[in-house]
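**Student:** structure, please.
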Amino acid sequence: MLNVLRQIVQEVSEAQDLQNVLQIMVKRVVETIQVEACSVYLSDKKSQTYRLAASVGFKPGVDGVLAVPFSQGLLG
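**Tutor:** Residues are numbered from 1 along each chain as shown. A predicted model of the protein is given here:
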């Protein structure tokens, strides 16, 4: 597991921007713990929502588009 963590740190350190970092993280989580899906939401205080920032195993095209209000769903 430590080797996997080292690989992730190496990949993240070479990433060009936050979006690439998040995509690397969700991809590696799915591979490492052998799950079908993983997602990262970032809070947007201005719109009072959690916005899907990166995902694997979700419908294509929803990253950056899907938003969940702070008060709703599993995230709120």
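**Student:** alpha carbons only for contacts and neighbour counts from here, please
**Tutor:** OK.
**Student:** what is the end-to-end distance of stretch 30-42?
**Tutor:** 19 Å (C-alpha to C-alpha, to the nearest Å).
**Student:** could you pull out the buried residues of that stretch?
**Tutor:** Applying a neighbour-count criterion of 16 or more other C-alpha atoms under 10 Å, one finds V30, C38, S39, V40, Y41 buried in stretch 30-42.
**Student:** avg pLDDT for it?
**Tutor:** On average, the pLDDT along stretch 30-42 is 95.
**Student:** and the strands in this protein, which stretches?
**Tutor:** For the chain, strands defined by DSSP state E occupy the ranges 38-44, 49-56, 67-69.
**Student:** among the ones you listed, which is the most enclosed?
**Tutor:** strand 49-56 (a mean of 21; mean count of other C-alpha atoms under 10 Å).
**Student:** with only the CA atoms kept, save that one in PDB.
**Tutor:** Provided in PDB are the C-alpha atoms of strand 49-56 (Å, rounded to 0.1, in the frame of the first residue of the first chain):
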ATOM      1  CA  THR A  49     -23.600  23.800  -3.300                       C
ATOM      2  CA  TYR A  50     -21.200  20.900  -3.500                       C
ATOM      3  CA  ARG A  51     -20.000  20.700  -7.100                       C
ATOM      4  CA  LEU A  52     -18.800  17.400  -8.600                       C
ATOM      5  CA  ALA A  53     -15.200  18.200  -9.400                       C
ATOM      6  CA  ALA A  54     -13.900  14.800 -10.600                       C
ATOM      7  CA  SER A  55     -15.300  11.300 -10.900                       C
ATOM      8  CA  VAL A  56     -14.900   7.800 -12.200                       C
END
